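Asker: Quick one: sequence plus predicted model below, questions after.
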Amino acid sequence: MTAPPVDSFDGIVGTQRSIPFICVDTNSNPVTTLALSDFTINPSLPSGWPPLIYGANTIVFQRNAVACSDVLTLQNNSDGTYILKYTPSATGADYIGIFIDSLGAASIGLPLVDQATITTGGTPEAENIAYLDQNYPTSDAMLVTIPNPTAYTIFAYNYSDWSLGRTDTLYALGSSSVNSDGTWANQIPVVTPGTYTVVAVSINASIQPSTVVISTGLYA
């Protein structure tokens with residue numbers, strides 16, 4: 001499995017990042033009981049890395065190819081969807097690999113690997129970046145009004161990818177979980193000017209993606 005593309009503005013020091021994933025068992029039933037304590041974080045890597053072949057629940061969290069100590073939290077949505085979260089404490093190239101019972105007890109949804117370049121941010125004018133959230137470009141313009149909003153995750157895509165059917169989260173430029181009031185948990189930085197598609201994604205009882213297009217437009 002290949003890693004998602006690395007975007008130059010995937011993360012900002014001091015701004016929370018969210019990495020959503022799906023876990024189902026071998027019968028495609030949602031696994032709803034995972035907790036962060038079920039994972040070994042940054043173990044000593046054996047020969048034959050990655051640990052995908054060892055069957056252990058493992059999270060590899062690195063910055064600049066060195067184990068990262070930023071605090072991880074795991075949000076369990078009780079439907080087989082999860083969101084791994086952390087707030088970067090420094091700039092660098094971040095790598096997160098999530099490996100779950102690969103010997104057959106469970107399988108993992110995308111992304112399996114998340115890579116991001118963490119910057120210091122700055123003003124959108126200085127870096128030609130728009131910081132997308134529920135208030136971009138105007139107040140509540142992208143507020144999530146779908147019932148049970150916390151079951152959804154926001155993803156932003158280049159419209160050029162989305163329009164060609166590249167809807168896998170591997171192509172997403174960034175993501176955010178959703179609060180109970182429909183606001184986004186974090187901003188998604190994108191380079192401007194550019195045309196992007198913003199969607200909210202959840203899963204139904206059949207573990208099939210449920211996608212709602214929030215916005216498609218030119219952000220300048």
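Answerer: Right, received. Where do you want to start? Numbers count the residues shown, from 1 in each chain.
Asker: Can you give me the pLDDT of V71?
Answerer: V71 is assigned 96 on the pLDDT scale.
Asker: typed the wrong thing, it's L74
Answerer: For L74, the model assigns a pLDDT of 94.
Asker: Next one: the closest residue to it other than its chain neighbours from N186, what distance?
Answerer: What sits nearest to L74 in space, not counting adjacent residues and going by CB to CB, 6 or more residues apart in numbering, is L36, at 4.1 Å. C-betas here are computed from N, CA, C, even on glycine. In this structure, L36 and N186 are 19 Å apart, going by CB to CB, to the nearest Å.
Asker: between those two, who's got more neighbours?
Answerer: N186 (20 against 15; other CB atoms under 10 Å).
Asker: got the contact list for that one?
Answerer: 15-18, 133, 176-177 (CB atoms under 8 Å, 6 or more residues apart in numbering).
Asker: now do T91
Answerer: 13, 118-120.
Asker: Filter those residues down to the buried ones.
Answerer: 118-119 (16 or more other CB atoms under 10 Å).
Asker: In strands, which of the contacts of T91 appear?
Answerer: Counting by DSSP state E, the contacts of T91 place 118-119 in strands.
Asker: Which elements pack onto the helix or strand hosting P189?
Answerer: Assigned by DSSP states H and E, P189 belongs to strand 188-191. For strand 188-191, the elements it packs on are strand 129-132, strand 153-158, strand 174-177, judged by 3 or more CB pairs under 8 Å, 6 or more residues apart in numbering; DSSP states H and E.
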